[in-house]
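**Q** only geometry, no sequence info:
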């Protein structure tokens, strides 16, 4: 018996939201207490999948930030700098374990609030965030081994401002090393994705961490600006756009504040003709479509050696067809919702520019949900080095593809960018990998893989991608003097 | 597109990065197959099975019983498909054909001195001829792995084209015995040689060597089929055999076929499972989906 042609699709497999606990309204977490914003103002956070409101979030003003910084300063002077390093480590371990216990809830909330697929929040964001706490907890009482023969000291209050693309993970990147090195923290999550940071505040509270050691203040740019300009803040750790990074630099010029800035990128993903082609195609997909392309180190400039370009692009288009786009909570979703209407309009603006410039344009054929902020995975093929698409960061699922002929040419073109955050190199030849990794001006260079992160590995950029490193030993140094 | 019989026409196989393959496979395994998709998938799996007995101790009695099962998987449950084929040694082909032929179930015969393939060419040819003459619809040949590993690729190519000629109308499945080829680079190269030499199907294993049909190996072969199709326009089938003994793994294999090759390959014309114990696990899952409870293995017939 032979069968007819089988049209077989994946039925919806939606992660339940029954087990999550969310308040209707979130105040500010200051000095171990939930505090109403002094302005009484709240703003709404939405689910980018269906545009429904999820919760009201407090909008912190200068006064609230002042309270938070003063609480952090007091906690630093009276408690956190006095207890032993191993005690500090215990608290951080405890936070890590509590996060693991709440992993499923955190993953669902992250996907609800940010639009990222549950597959990623469940398998990547949340486990990595936990691992950052575990990793830095281990360093807390071993700093003298990390920096032998040096007398390192904490800085005091760290003001930390994080973006909306990896909300909880970025909070972990910032808070864990700051606590391990003996600093106290005032952290502001992005206004569209405050929820997991607020859940983290609940977890931190449950861990019994002394009041004021970690303070979470929510709000818009003005809240961040208040943190940056507060005189009692000793260090700014910022991840976000290059434009805001420049504002921060201006604001702290002439002060003694230390800063690490992790900014934008336009990273080159380079495919040589001797690469394992099918795995390279997978790496291209992972490089640009991971988290809807909302990744500072996204491999958004693809360089393909000209003699294999046709094949690579054909395979890429075919692979894009099997990406599932839709409800972030569906376990089969590969590409979720764009984080906000604002970001979607920025992405669409670039797509329009690309079409107008006349590069070959390709989008995977898929039915986008009617509601919510969605963008089909997009390619621009045969783009020029001088095109806006290769020069500016789009921060969405849009890949610009260029071809190259020789190694020297691709090194030159890859480095010919205001940014220098990351790069990918795909080749079967080890010597070629080492040649490129030493010549590419990028903070991270991946060989035959892309978008791999580990708490032990430092991350950061060159040029307009920022300065300072987070993760690993380097991440400790950024919080010590 | 006509197939060429020239070894020089086989293109250079791309290199395969094992770590990348493992990551891709993990993505297939994270697909969640539920409700209607699961039910439909399980029915497809049943209909893609080559129910197999390949033992030295095979007897007409054993083959007769297995053939009956092939056509009557679980008669108390309505509208179940039959398996795609039964797979036996050449000596059992005539008997198997007489039982399953009327049900539209194909008879596949292993040949070419299965499983080792260590026999002279004339023996392999007559082995295959015997099976075809006794009514085999499909021939599952083994490649000469020794020759392949000693670098005699053109020998392997020529052998496959020679067997293909003897097959006539019977479809030729070429068993690479990937467990002996050891690297994914070798698996890819052997797949390319087999397809350019005229294989209608490429098949992972004999079932006698471990590891057999791992998802990494099957994925590598599916990519080779995709590339061959893009280059020549000719569809080639895939048969993972050995080691796929539960429904979940079978469904993940279907996910892989769907995403690498497309819906066109999701029929037993182009995809088969070589398995003996898979059918009962799939039946158990189908009945569980209906009744909500797993039944004891004693409610499913062995064979």
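**A** Yes, it's here. Remember, it's a predicted structure, so these values are computed and weren't measured experimentally.
**Q** any idea how far residue B:161 is from chain A?
**A** Separation of residue B:161 from chain A (Cβ to the nearest Cβ, to the nearest Å) stands at 26 Å. Placement of C-beta: from N, CA and C, glycine included.
**Q** neighbours of that residue, just the number please.
**A** For residue B:161, the neighbour count with other Cβ atoms under 10 Å in any protein chain shown is 18.
**Q** on the three-state scheme, it is what?
**A** Following DSSP: H, G, I helix; E, B strand; the rest coil, the label given to residue B:161 is helix.
**Q** from the stretch 51-200 of chain A, which residue is nearest to chain B?
**A** Proximity of the stretch 51-200 of chain A to chain B (Cβ to the nearest Cβ) peaks at residue A:119, 6.1 Å away.
**Q** show me what contacts residue A:329?
**A** A:14-15, A:17, A:49, A:108, A:111-112, A:118 (Cβ atoms under 8 Å, 6 or more residues apart in numbering or on different chains).
**Q** no, scratch that, I was asking about residue A:179
**A** Residues counted as contacts of residue A:179 (Cβ under 8 Å, 6+ apart) are A:88, A:91-92, A:136, A:140, A:185, A:213-214.
**Q** before we move on, what about residue B:262?
**A** For residue B:262, no residue meets the contact criterion (Cβ under 8 Å, 6+ apart).
**Q** check the contacts of residue A:329 for burial and list the buried ones.
**A** A:14-15, A:49, A:108, A:111-112, A:118 (16 or more other Cβ atoms under 10 Å in any protein chain shown).
**Q** ok, so of these, who is nearest residue A:298?
**A** Distance ranking of these against residue A:298, using Cβ to Cβ, places residue A:111 first at 19.1 Å.
**Q** the helix or strand that closest one falls within: how far from the chain's middle?
**A** Using DSSP states H and E, residue A:111 maps to helix A:103-114. On the basis of Cα atoms, centre = their mean, to the nearest Å, helix A:103-114 sits 15 Å off its chain's mean C-alpha point.
**Q** hmm, who's touching it?
**A** Helix A:103-114 is contacted from outside by A:15-17, A:19-22, A:45, A:47-49, A:54, A:99, A:116-118, A:121-122, A:125-127, A:129-130, A:164-165, A:167-168, A:192-196, A:199, A:328-329, A:336, A:339, using Cβ under 8 Å, 6+ apart.
**Q** ok, back up a step: turn the buried ones among the contacts of residue A:329 into JSON lines, including distance to residue B:206 and pLDDT.
**A** Below are the buried ones among the contacts of residue A:329 laid out as JSON lines (distance: Cβ to Cβ, whole Å; pLDDT from 0 to 100):
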{"residue": "A:14", "distance to residue B:206": "42", "pLDDT": "97"}
{"residue": "A:15", "distance to residue B:206": "41", "pLDDT": "96"}
{"residue": "A:49", "distance to residue B:206": "49", "pLDDT": "98"}
{"residue": "A:108", "distance to residue B:206": "46", "pLDDT": "98"}
{"residue": "A:111", "distance to residue B:206": "45", "pLDDT": "98"}
{"residue": "A:112", "distance to residue B:206": "50", "pLDDT": "98"}
{"residue": "A:118", "distance to residue B:206": "41", "pLDDT": "98"}
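**Q** isn't residue B:162 up against residue B:122?
**A** No. Between residue B:162 and residue B:122 there is no contact under Cβ atoms under 8 Å: 10.3 Å.
**Q** three-state assignment of the nearest residue to residue B:45 once chain neighbours are set aside?
**A** What sits nearest to residue B:45 in space, not counting adjacent residues and going by Cβ to Cβ, 6 or more residues apart in numbering or on different chains, is residue B:250, at 4.5 Å. Judged by three-state DSSP, the three-state class of residue B:250 is helix.
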